[in-house]
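**Q** have a look; sequence and predicted model below, questions after that.
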Amino acid sequence: MNEAHLHAILDALHDKKPLRIEETETRLEKLFKKPARFLLGCSIVSFLALVLVAAGVWSFGLSPDNWLATGFWLFFVSSSTAIMSMIVDLIPEVVGLFVFKDDLHRTRKLTLIHDLRHAEDLHRFDIPDLRLADQWLSLRIERMRLHVGLFIGGADKVAILGLLLGAWAIWTSFPGSGFSLKQFAYIAGSGFIVGLGIGGLFANVVIKELAYQRDLLTLALSTVRQ
């Protein structure tokens with residue numbers, strides 16, 4: 001085993017990234033991209049405003065009754081826009097399966113050429129070293145997936161899940177909203193889920209990157225001349 005060669009392979013893989021999202025988007029995805037981002041932005045701004053209002057009421061001893069309506073509407077806007085952004089984001093994927101098949105085919109061809117060029121660059125390394133790196137990455141990805149477990153959803157939905165649960169938790173504990181021990185248990189459970197979500201977000205990002213690197217190793221081993 002040559003550690004220097006293995007490190008060189010990992011360094012080479014680290015510099016190789018998938019085709020940029022902008023180059024793979026269909027016409028429909030580009031059309032719905034701005035509305036989805038706008039809705040998600042509204043959700044984030046409303047969530048932050050809810051946090052500031054709740055903190056202001058607690059810190060300055062303001063009358064909760066005067067701010068309950070404001071807190072409720074901020075909670076409603078944050079939650080509803082988060083859900084709407086998820087729906088808008090899913091529309092292109094669902095419709096594209098039936099309508100924009102040519103765009104999907106174009107994307108596949110662009111991705112093929114992009115990935116094969118990355119794989120061909122790995123031919124400068126020895127086959128045994130490539131196979132060892134491929135096996136190590138496979139084991140590493142499997143270990144990370146086991147750590148993430150069944151509690152975590154897709155990485156692209158974790159942030160929205162955190163917004164929904166976070167906004168709900170702040171509202172239920174809003175001064176004057178009728179906070180109780182039962183609600184505290186709900187908040188603690190929500191905080192636990194949000195914590196899992198944040199951890200899952202980072203884990204899924206790393207897994208996605210490692211999986212792409214392993215795909216390149218598989219392509220390199222498949223196309224190398226024996």
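**A** Done, it's in.

**Q** lowest average confidence, helix or strand, in the chain?
**A** helix 155-172 (a mean of 61; mean pLDDT, DSSP states H and E).

**Q** secondary structure element for the closest residue to residue 93 other than its chain neighbours?
**A** Once flanking residues are discounted, residue 93 sits nearest to residue 29: 7.9 Å by C-beta to C-beta, 6 or more residues apart in numbering. Just so you know, the C-beta spots here come from the backbone N, C-alpha and C atoms, and that holds for glycine as well. Assigned by DSSP states H and E, residue 29 falls within helix 27-60.

**Q** and that helix, which residues are buried?
**A** Neighbour-count burial for helix 27-60, counted by 16 or more other C-beta atoms under 10 Å, picks out 28-29, 32-33, 36, 39-40, 42-44, 46-47, 49-50, 53-54, 57.

**Q** I'd say residue 121 and residue 12 touch.
**A** Yes: the pair formed by residue 121 and residue 12 meets the contact definition of C-beta atoms under 8 Å, at 6.9 Å.

**Q** these two touch, right, residue 36 and residue 83?
**A** No: contact criterion C-beta under 8 Å: residue 36 and residue 83 do not qualify, at 11.7 Å.

**Q** can you pull out the helices in the protein?
**A** Here the chain has its helices, by DSSP state H, at 3-14, 21-24, 27-60, 68-96, 101-121, 127-148, 155-172, 181-223.

**Q** can you say which of these is packed in most?
**A** Greatest average neighbour count among those goes to helix 155-172 (a mean of 19), per mean count of other C-beta atoms under 10 Å.

**Q** rewinding a little: which of the helices of the chain comes out lowest on mean pLDDT?
**A** Mean pLDDT across the helices of the chain is lowest at helix 155-172; the value there is a mean of 61.

**Q** residue 104 and residue 31, how far apart?
**A** Applying C-beta to C-beta, to the nearest Å, one obtains 15 Å for the distance of residue 104 from residue 31.

**Q** residue 132 too?
**A** Applying C-beta to C-beta, the value for residue 132 to residue 31 is 45 Å.

**Q** same deal with residue 219?
**A** Distance, residue 219 to residue 31, by C-beta to C-beta: 32 Å.

**Q** and what of residue 55?
**A** Taking C-beta to C-beta, one finds residue 55 at 38 Å from residue 31.

**Q** ok so, going back, next, the contact list for the residue nearest to residue 93, please.
**A** By C-beta atoms under 8 Å, 6 or more residues apart in numbering, the contact list for residue 29 reads 92, 93, 96.

**Q** CSV please, covering these and showing distance to residue 215.
**A** Converted to CSV, the contacts of residue 29 look like this (distance: C-beta to C-beta, whole Å):
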residue, distance to residue 215
92, 24
93, 21
96, 22
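
**Q** any idea how far residue 221 is from residue 109?
**A** 22 Å.

**Q** same check on residue 209?
**A** 23 Å.

**Q** ok, now residue 210?
**A** For residue 210 relative to residue 109 (C-beta to C-beta), the value is 25 Å.

**Q** what's the answer for residue 26, then?
**A** From residue 26 to residue 109 the distance is 13 Å (C-beta to C-beta).
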